[in-house]
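sequence first, predicted model second:
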Amino acid sequence: MTKMTKPLCKTCKKYGAKLYLKGRRCETAKCAVEMRDKKKKRKGAFVKRRKISEYGIQLMEKNKVKIYYGVLERQFRRYFDMAKKQQGITGENLLKLLESRLDNTVFRANWVYSRRMAKQVINHGEIRVNGKRVDRPGYVLKSGDTVQLHPESKYLKQVKECIEEYKAHMLPGWMQADSENLSINIVRAPLRDEVTLPINEQLIVNLYSK
């Protein structure tokens, strides 16, 4: 599991985007990013920031995606190499691969409050893919795959509570979730516009193309 040594809210403030590192707190008015934006509007202050180089901007975009999906540099580079070999636009392919990760799928189905919690559930062997135990959060799901929670999982109560709390949330179109049987069916690959993180993936492609 990716370890975060810095305070999570400070990380979101640094990159100027909600990275959903604290689960439920990110959905409330206590979110550090929202509080900062409200404070700026109230004061009407103009904050002059140090000019960032082109390389620095590209690096920040890459780090923002890494932190959002909870992957390390080596993993991220492997996903980028996979994206380059696929047909289509490399940047979009990269985001689609990351969005198809098992931990992200469990999170996006509203089974858990954060991707960090999804990693924990998967690492403990509580998730089945097509009937087989999978304990790798970075496992990339494909169209037609079925994800299920072990019927005797110790996380069963927590998952049901999370589903009930977030039942009003819309699920992405690339999955179908059955809250009764606690299963997720992958109906197709994710689309670029279904990635909710505000990101310019071309900057990441340019960074790795140097």
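All right, it came through fine.

following element in sequence after the host helix or strand of Lys96, please.
In the assignment (DSSP states H and E), Lys96 maps to helix 90-99. Following helix 90-99 in sequence order, the next helix or strand is helix 102-108 (DSSP H and E).

contacting residues around that next one?
Residues from elsewhere that reach helix 102-108, judged by Cβ atoms under 8 Å, 6 or more residues apart in numbering: 69-70, 98-99, 112, 114-115, 117-119, 121-122, 127, 129, 134, 136-141, 147, 171-172, 175, 184, 186. All C-beta atoms are positioned from the backbone trio N, CA, C, and that covers glycine.

CA atoms of the helix holding Lys96 as PDB?
The C-alpha trace of helix 90-99 is given here as PDB (Å, rounded to 0.1, in the frame of the first residue of the first chain):
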ATOM      1  CA  THR A  90      -1.600   7.400 -24.800                       C
ATOM      2  CA  GLY A  91      -2.700   9.800 -22.100                       C
ATOM      3  CA  GLU A  92      -6.300   8.700 -22.300                       C
ATOM      4  CA  ASN A  93      -5.200   5.000 -22.300                       C
ATOM      5  CA  LEU A  94      -3.200   5.700 -19.200                       C
ATOM      6  CA  LEU A  95      -6.200   7.200 -17.300                       C
ATOM      7  CA  LYS A  96      -8.500   4.400 -18.400                       C
ATOM      8  CA  LEU A  97      -6.000   1.800 -17.100                       C
ATOM      9  CA  LEU A  98      -5.800   3.500 -13.800                       C
ATOM     10  CA  GLU A  99      -9.600   3.900 -13.600                       C
END
